[in-house]
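> kindly return the folded structure for what I paste below:
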Amino acid sequence: MTLFANQDFSELTRLGVKLKNYKSSKWFYKKVSRGLDAGSLKEPVVYVYRGFDKRYIYYDKSVIHRMCEDIMKYMEIPGNMAILTTKQLIQPPFNHVFITRENLTDIISLSTKSKENAFLFPLLISASEPNIKREFINSIKEEYQIKASNLSIAKVIFNYIYAILHSKTYRERYAKGLGKDFPLIPFPSNIERLRSISNLGENLISVHLLDSDQIDIRRYEINEGSDIVKSIQYKNEENRIYINDFQYFGNITLEMWDFKIGTIQQIQDWLKRRQGRRLSTKDFDYFLKMLDSIRISIEEIKKIDEEYHQEFLNA
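From the prediction side, this is the model:
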């Protein structure tokens with residue numbers, strides 16, 4: 001950011017920072033410089049860059065165009081979560097679902113393809129008010145004979161939706177509709193199934209937020225080396241990901257390697273965006289948690305799909 005403040009754009013270019021040639025670029029750089037010189041910038045915050053890949057951003061009018069404050073403000077509510085999904089696809093399959101908590105989100109966090117922008121659906125719009133219409137919550141109360149607070153029911157619905165959106169059968173069954181508009185969610189015939197699928201959704205959210213006690217980074221073999229990401233290669237016969245000629249992560253299945261959120265192959269993309277860098281201890285710890293989150297996700301999604309089959313296909 002100091003380079004921006006000093007308007008040292010040639011050095012930024014040398015470091016690989018892409019500077020888009022907007023007509024307003026001179027105004028923009030002057031604005032950035034003023035904001036930094038005055039020390040008025042807010043502290044950087046975490047934002048969802050590409051699925052599991054998180055970065056830091058100066059979420060400040062001095063440096064950001066189109067901040068989308070009307071929706072992002074809800075992510076300032078302590079503990080608030082939001083489901084990310086898309087309205088349309090350039091081409092199937094629909095894998096465009098993820099979760100965030102208290103984090104801002106990049107519009108192309110699910111896909112870099114044109115029109116496959118990420119939309120954010122928060123759980124809360126205030127500390128005590130859910131982002132679900134009271135009329136719908138009341139209809140759920142009546143349909144399933146539930147006696148609970150609106151907030152408690154909203155959380156059950158939120159978790160349930162997250163689970164259903166990860167069902168492979170649901171995605172295949174409604175592939176055409178999912179490519180043209182926001183997802184439509186079927187609800188089960190009884191409260192037991194609603195709670196069962198909602199619990200699976202809650203567990204999957206915990207796994208994706210890397211909070212789950214199920215995550216165990218000791219499962220993966222790592223050999224010593226330079227820790228520098230150079231050539232990235234997955235060797236199926238060895239169940240290993242090589243980050244250079246000698247160093248690897250072991251016990252990685254092909255299904256884990258292929259795992260996508262949206263159009264983004266998570267493991268490969270995370271490593272590719274760190275090519276040429278030496279991974280820190282913090283990087284290793286995060287990456288290992290991400291690996292095991294993906295492993296658990298694959299198993300949890302199978303459980304969700306089984307529940308979906310039993311409720312909507314075997315009835």
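
> so who does the nearest residue to residue 175 once chain neighbours are set aside touch?
In space, and not counting its chain neighbours, residue 175 is closest to residue 92: 5.2 Å by Cβ to Cβ, 6 or more residues apart in numbering. For the C-beta atoms, the positions are set from N, CA and C on the backbone; glycine is no exception. When the contact criterion is Cβ atoms under 8 Å, 6 or more residues apart in numbering, the partners of residue 92 are 175, 178-179.

> can you check residue 267 too?
With contact taken as Cβ under 8 Å, 6+ apart, residue 267 is in contact with 241, 252, 256-257, 259, 290-291, 294.

> again, only using 7 Å
Going by Cβ atoms under 7 Å, 6 or more residues apart in numbering, residue 267 touches 241, 256-257, 259, 291, 294.

> check for me that it belongs to a helix.
Yes. The assignment for residue 267 is a helix, going by DSSP: H, G, I helix; E, B strand; the rest coil.

> could I get the full set of helices for the chain?
Taking DSSP state H, the helices of the chain run over residues 2-5, 9-14, 25-37, 69-72, 134-144, 150-164, 168-173, 175-178, 191-208, 254-258, 266-272, 281-308.

> weakest of those by average pLDDT?
Looking over the helices of the chain, mean pLDDT reaches its minimum on helix 2-5, with a mean of 45.

> let me have the contacts of residue 267 in CSV, extended by neighbour count.
Shown next, in CSV, are those (neighbours: other Cβ atoms under 10 Å):
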residue, neighbour count
241, 23
256, 20
257, 19
259, 23
291, 25
294, 22
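
> which ones are touching the residue nearest to the spatial centre of the chain?
Among the residues of the chain, residue 51 comes closest to the average C-alpha position under Cα atoms, centre = their mean, at 3.6 Å. Residue 51 makes contact with 98, 109, 261-262, 264, 266 under the criterion Cβ under 7 Å, 6+ apart.

> domain ranges for the protein?
Listed domain ranges for the chain are 2-40, 217-298 (source: automatic domain parsing).

> and the contacts of residue 267 as JSON lines, adding distance to residue 67?
Formatted as JSON lines, the contacts of residue 267 follow (distance: Cβ to Cβ, whole Å):
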{"residue": "241", "distance to residue 67": "37"}
{"residue": "256", "distance to residue 67": "35"}
{"residue": "257", "distance to residue 67": "36"}
{"residue": "259", "distance to residue 67": "31"}
{"residue": "291", "distance to residue 67": "33"}
{"residue": "294", "distance to residue 67": "31"}
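
> related to what we said a few turns ago, could the helices of the chain go into TSV alongside distance to residue 104?
Formatted as TSV, the helices of the chain follow (distance: least, Cβ to Cβ, whole Å):
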stretch	distance to residue 104
helix 2-5	20
helix 9-14	23
helix 25-37	18
helix 69-72	5
helix 134-144	27
helix 150-164	19
helix 168-173	27
helix 175-178	25
helix 191-208	17
helix 254-258	28
helix 266-272	19
helix 281-308	18
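
> of all these, which one is nearest residue 78?
Distance to residue 78, taken as Cβ to Cβ, is lowest for helix 150-164 among the helices of the chain, at 14.0 Å.

> in the closest one, what counts as buried?
The neighbour-count check on helix 150-164 (16 or more other Cβ atoms under 10 Å) flags 150, 153-164 as buried.

> what about residue 68, how many residues close to it?
The number of residues packed near residue 68 is 12, by other Cβ atoms under 10 Å.

> per-residue pLDDT, it?
pLDDT for residue 68: 86.

> separation between it and residue 273?
Applying Cβ to Cβ, to the nearest Å, the value for residue 68 to residue 273 is 23 Å.

> now do residue 42
25 Å.

> go on, residue 70?
To residue 273, residue 70 is 29 Å away according to Cβ to Cβ.

> residue 160 too?
From residue 160 to residue 273 the distance is 33 Å (Cβ to Cβ).

> run a quick neighbour tally on residue 185.
Counted by other Cβ under 10 Å, the residues lying close to residue 185 total 11.

> picking up where we left off before, out of the contacts of residue 92, give me the one that has the most neighbours.
Using other Cβ under 10 Å as the neighbour criterion, residue 178 leads these with 24 neighbours.

> please consider this matter closed, and thank you.
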